[in-house]
Structure formats: C-alpha cells, structure tokens
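Peer 1: Starting from these lines, generate the structure:
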Amino acid sequence: MTGLEIAGVVLGALPILFSAVDWSKRGIGRGAIFFRKRRSVEKLALALLSQRQHLTEIIRSVLAGSGCEDLSRLEDDPIEYLMDEAIQEQVLDYLGEETFAALQGQLDHCHETIKLLAIKIAGLVPSIQGPSDDLMRIIRENRDAKSKQLDIPPRVKLMLGAEGFKEITTDLDDTTNSLFRLTSLVLSNRQATGLRISRGARSIAKSLRRAHESASNLYVAISHAWKGDCHEGHEAGLFLEDRISDGTPGRKLANASLSFHIAFEAMISEQKTVWHEAVVRVLHDDEHDDDPGPKQPTITCQPHKPSQRVTVIVTNAKPQLARPQIDPVENICTAISPICRKDFVLTRQCKIGLIAPDNPTLATSGAPAMTPLKDLLHSRSPAAQRAPVSLRSRMLLALNLASSLLQLFRTNWLPNPCWSYEHIFFPAVTEAAPQPQAGKAKIDLGRPFVSTSFAKDATHLQCRQLAEPKVALLGLGILLLEIWHEETLEAHFSLEKRPTVFYECLALALKWLDEMTNPPPELYDRAASHCIKGMVGSEVRLGQWDDGEVWNAICGDIIEPLLKNCKMWR
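Peer 2: Take a look at the predicted model:
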C-alpha cells in the first residue's frame, strides 16, 4: 500500500480501536488495586482519540495544500477517498518523491503500532473469537455488522498489561508528533511561496518544458542546415501553438508525439522569396536510424562449479518496430524544392532529416503578406484600416502567447528576452483557409508566428541576453493588456515610445491594470494581474528559469486561468 492508502486504513481502524478500548475500561474495577490499569487504559483511549484527530487534520492539510477537492469525503470514507489514484498522484506531485517517501515511512510506523494494538484485543472481528491484526477485515466486518455502523459489543477483551498499554501509548504519541513536525515543516515551506499548484498545471509545465528543449534543438538543427551561398538570405518562421490538449490540461501531451510547424524562407531577391511550410516531427529515441538495429538474443552463463553442468540462458530481445529511413539534410534549400516529396524530422543529434511522408506536407509558394500584431492593436483607433479583432480570437491568442513564452524563452527564436507585439506576425489567409467574414481583416488570426534570420557567419547562434522571470512576465502582462484593450501601452498613455527601464514599465502597467474602463474578464484579469503584480514581493516566481517551481507557478497562475477563460471556444 502507498502512504495515503495506509493513512486511509489507519483512519478507518482508529474509531473501532478507540471504541474497543473505551468500552473495556468499563469492566475494570474502581478499587485502588485496579487504579493503575484503569489509568493506563484511559491514557491509551485518549492517545487513540488524539491520534485519530491529529492524523485526520494532518492528512487534510496535505490534501488541501495539494489542491485536492471534496475533502469532506475524507471523514465519510477515508479508505475509498485516499485510494483514489488521482488523489495520490496530486499529493505526490505536491510533496515530491523524497518528502512523500518520508511521509510514508511515518505512516508505516503508525500502521504497525495500530496493528500491534489490534492483535492484543480479542473479539474485534465478529466472525472469530481470537485477536487479529488484519485492519481491513476489522473495519469491513464491524461496519457490515450493523448497516456499516460501528458495532463494538462487550465481546472485546484487552490482552495486555499496564506496561503494554504504556508502551503503545508512547508509540502513538511519538508517531503523532513526528507526523506533525514533518507536515508542519513541509506545508510552511510550500505555503511560504504562495503556491497552490494543481496537478493539471504541473502536467502543463512538464509538457512545455519538453517543447522548450525541442524548440531550442530545432533552431540549432536549422542553423546547421542552411548554406549561406545559395540565396541572398535565409529565414525561418515558427508558428506558435499553445500545446495544451483538450480534456485534462497537459495530460494528453505528456506522451504525445511532438512536432513544429515551420515556414522556411529563402530570399532570391528583394522582390521574390521562396516560402515553404512544413511540419518537422521530433523523433523519439526508439525511432532513430542511428540505433544498431534489432538486438541479438542475449546469452549468459550462470556461475558453476567444475562438477556441475553449465546452464545457458537465452533471452530473446523484444521485437523491434520498423524504423523509418532518415535521409540527412545537408542543405535545407534543396529539401524545400518542389521535386522533394518528403517530410522533415528532428533527430536527437539536433539534425534535420527527411523521411517518407505519411501525409505529405509540401507547400512551396511565394511568401504571403505578413501582418504584425502591432497593426491589430490599433484596430479600434479612429484611423484604423482594419476591423476590430473578435473576442474569441483575442482570448485564444492570449493563451497561445502565454504558453509560447515558456516554450521559446531562452531560445534564439525570440530576438529579445521579452514578449512584444514587435515579434509576432500573422500570414494572410490562403485560398484553402476559410475566408473571413465581411468587414474582418483578411489575415489568419489562428496562425501567429515568430521569424528569425540565419546569418552566414553563424552570429545568430551567439547567446543572447537573458531576462529574469519577473522582467519577461511583466512583458507578457503588458501584452495581455494590449490584446484585451486593442491598443499599445504607448498609445494608451500617449507616449512616443515604450520605456525600457523595468520599474517605469511596471508603474505604467500597474496604473493600466487598475483602471476600471473596459475591465477584462475575471480569469483574464487574474492572469494579467499575476504577471504584473505577482512580481512585487519575495516569491518563488522571482527565482530562475531553471527552477521547476517557477514553471509550475506560471502554469498555475497564468496559463490555467487563460485556459479556463477559453474553454467555450476550444
């Protein structure tokens, strides 16, 4: 049993043991000769009652800190509630493996102490007269005896002396104190950061970290596959995806195949550019062609004495799945020609390859017209040439950009360390795409992308300045306000250009956030508020990007509210 399952069994057994011990003291005489035994039994009953209440509150605190719901079920049926795998996973995510193991060790000790007491009480199981330490059977038969109500008749009999009572009472008190100290320390440390991160948020963070690593590798792979002499210039556009699946947030993406939608651009002249859209699939370890192939059966010899026969054990290798044939790409420009009919893949060696397509993704054409996000942020001004962007498109865009920040931050896909409307573009609607409604801008709002150039001298591979999380999230918070109000920070405060100093931007963002004119929806406001106001004070979000808790906090406080806000449109 896991730690929580053990806790459920102990919580289910404690009321029965308490009733048995409390009933037994009635049969002890009140004379001076029985005083010591009666006093020991009373202390044991009090210790059992205290153990039950303390353990209930300790487990309730851990569950509440983990973000578990329906805590009332803990008292109704602790066994069933704590055996729920979702509850166990949520607590494990919250505590971490080492702390969870320490908690389980304390609960194991408590479980053994309760079993030691149960074996010293005859008659706990109605179907047998002797003692039993099978706590599950004790719980089940006592509850079944009378419509699942505790039924402890005068059949029970204590089978230990005063010293035995004292020893068990001491063990119960010690385990209660140890559990209390451990959980108090853990909960105080967790709550000091203000974190109440759900399992879904942690799952999203895990998925986005995986996408972040692959996005960084993809940039390196593309940079090595561009040949600088074949065209005047090379660029690549990466289409942004929130990468949050429908249903349980983040869960489906954990084991899903990862791919990136890329637009390769080769400049032939100032007026003409080759634009090739393709899907680059990230290969798993078991899909690579650098594997030596099907493994041969393993043959081992067991140690033996000279007088014994040699035993040969043959272990057959697992059947190998068919691996795709990967052709390495030396020059992307040759791979995006119309005569090439293969799909792109990213290998674990950070190289671009080609495989036979399952579904051809070839789309070579001239470069479409591109619209920067900045143009859309002026759509409500009197001089605007475009129709306002729909609420649906703005909310989905906000979620996409928040998720993409985690995927692309600290990679060379972003020209600057912070999100800005200057980085994001939209392609024109293609003939295959549904045409927009009358009066709407003829751009594909569902396909935002970032674009970066690949220089001949590989200067694009140099490390760029990295911003602290608070700086990057302030930029995201301002961008969320700009998307909601459909105007830039500079336009809202009548500035010639945006301030570059962090605290100047923070002051303007706080002022804009607190304005009551056209306030955003509650969940959207919560996400923007955390980006801006959440940076004031000593929080885990002031840590570094390498800290997994920073990712969890961002997903729980920013991405999850935006995801819930978009629920009706996804």
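Peer 1: does Asp546 count as helix, strand or coil?
Peer 2: Secondary structure of Asp546, reduced to three states by DSSP: H, G, I helix; E, B strand; the rest coil: coil.
Peer 1: An error on my part: the question was meant for Leu479.
Peer 2: At Leu479 the chain is in helix, as set by three-state DSSP.
Peer 1: Which residue comes closest to it once chain neighbours are left out?
Peer 2: Counting by CB to CB, 6 or more residues apart in numbering, Trp419 is the residue found nearest to Leu479 once chain neighbours are left out, at 5.2 Å. Bear in mind the C-beta positions are built from the backbone N, C-alpha and C, glycine included.
Peer 1: Domain parsing of this structure, as residue ranges.
Peer 2: Residue ranges for each domain of the chain read 3-192, 233-238+253-366, 369-569, as given by automatic domain parsing.
Peer 1: and the residue nearest to Leu479, how far is that from Ile355?
Peer 2: Distance from Trp419 to Ile355, counting by CB to CB, to the nearest Å: 34 Å.
Peer 1: Give me the more crowded residue out of those two.
Peer 2: Comparing Trp419 with Ile355 by neighbour count (other CB atoms under 10 Å), the higher total belongs to Trp419, at 25 against 18.
Peer 1: ok so, going back, lowest average confidence across the domains of the chain, which one?
Peer 2: For the domains of the chain, the bottom mean pLDDT is recorded on domain 233-238+253-366, which sits at a mean of 67.
Peer 1: check contacts around the residue nearest to Leu479.
Peer 2: Contacts for Trp419 were tallied using CB atoms under 8 Å, 6 or more residues apart in numbering; they are 401, 405, 472, 475-476, 479.
Peer 1: So which of these are in helices?
Peer 2: When the contacts of Trp419 are checked against helices (DSSP state H), the matches are 401, 405, 472, 475-476, 479.
Peer 1: For the stretch 151-300 of the chain, which segments are assigned as helices?
Peer 2: Remark: helices assigned in the stretch 151-300 of the chain by DSSP state H, counting those that start in this stretch are 162-192, 199-225.
Peer 1: Could I get the average pLDDT for the shortest one?
Peer 2: If you average the pLDDT over helix 199-225, you get 89.
Peer 1: The residue nearest to Leu479 in helix, strand or coil?
Peer 2: Using three-state DSSP, the structure places Trp419 in coil.
Peer 1: how near is it to Ile478?
Peer 2: As judged by CB to CB, Trp419 and Ile478 stand 9 Å apart.
Peer 1: next one: Gly8
Peer 2: Look at Gly8 and Ile478: by CB to CB, they are 48 Å apart.
Peer 1: quick one on the thing from earlier: now distance to Cys531 too, for the ones in helices among the contacts of Trp419, in a markdown table please.
Peer 2: Below are the ones in helices among the contacts of Trp419 laid out as a markdown table (distance: CB to CB, whole Å):
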| residue | distance to Cys531 |
| --- | --- |
| Leu401 | 11 |
| Leu405 | 10 |
| Ala472 | 9 |
| Gly475 | 8 |
| Leu476 | 5 |
| Leu479 | 9 |
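Peer 1: Now flag whichever of these is closest to His492.
Peer 2: Top of the list for closeness to His492, among these and by CB to CB, is Leu479 at 12.9 Å.
Peer 1: who's in contact with the closest one?
Peer 2: If a contact means CB under 8 Å, 6+ apart, then Leu479 has 401, 419-421 as its contacts.
Peer 1: Same check on Ile222?
Peer 2: Residues touching Ile222, when contacts are defined by CB under 8 Å, 6+ apart, comprise 236, 262, 332, 352, 454.
Peer 1: Filter these down to just the ones in strands.
Peer 2: With strands identified by DSSP state E, the entries of those that belong to them are 236, 262, 352.
Peer 1: thinking again about what came up before, among the ones in helices among the contacts of Trp419, which pair sits farthest apart?
Peer 2: Leu401 and Ala472 (11.9 Å).
Peer 1: Can you show me the strands along the stretch 351-500 of the chain?
Peer 2: Read by DSSP state E, counting those that start in this stretch, the stretch 351-500 of the chain holds these strands, from start to end of the chain: 352-355, 364-366, 370-372, 425-427, 449-453.
Peer 1: which residues are in contact with the fourth one?
Peer 2: Looking back up the chat, that one is strand 425-427. Under the criterion CB under 8 Å, 6+ apart, residues 237, 263, 368-373, 376, 443-445, 447-451 lie in contact with strand 425-427.
Peer 1: tell me which residues in it are buried?
Peer 2: Going by neighbour count (16 or more other CB atoms under 10 Å), the buried part of strand 425-427 is 425-427.
Peer 1: Of these, which is the nearest to Gln90?
Peer 2: Using CB to CB, the buried residues of strand 425-427 come closest to Gln90 at Phe426, 38.5 Å.
Peer 1: what pairs with the closest one across the strands?
Peer 2: In this structure, Phe426 has beta-bridge partners Thr371, where bridges are defined by DSSP bridges.
Peer 1: what about it, distance to Gly65?
Peer 2: Distance from Phe426 to Gly65, counting by CB to CB: 42 Å.
Peer 1: What segments of the stretch 51-200 of the chain are strands?
Peer 2: If you assign secondary structure with DSSP E, counting those that start in this stretch, the strands in the stretch 51-200 of the chain sit at 121-122, 157-158.
Peer 1: wait, what's in contact with the nearest residue to Gly233 once chain neighbours are set aside?
Peer 2: Setting aside the residues directly before and after it, Gly233 is nearest to Met267 in space (CB to CB, 6+ apart), at 4.0 Å. Applying CB under 8 Å, 6+ apart to Met267 gives the contacts 231-235, 273.
Peer 1: Could you rerun that using 10 Å?
Peer 2: For Met267, the contacting residues are 231-235, 273-274, 367, 453, by CB atoms under 10 Å, 6 or more residues apart in numbering.
Peer 1: and if you look at Gln104?
Peer 2: With contact set as CB under 10 Å, 6+ apart, Gln104 has these partners: 1-7, 95, 111.
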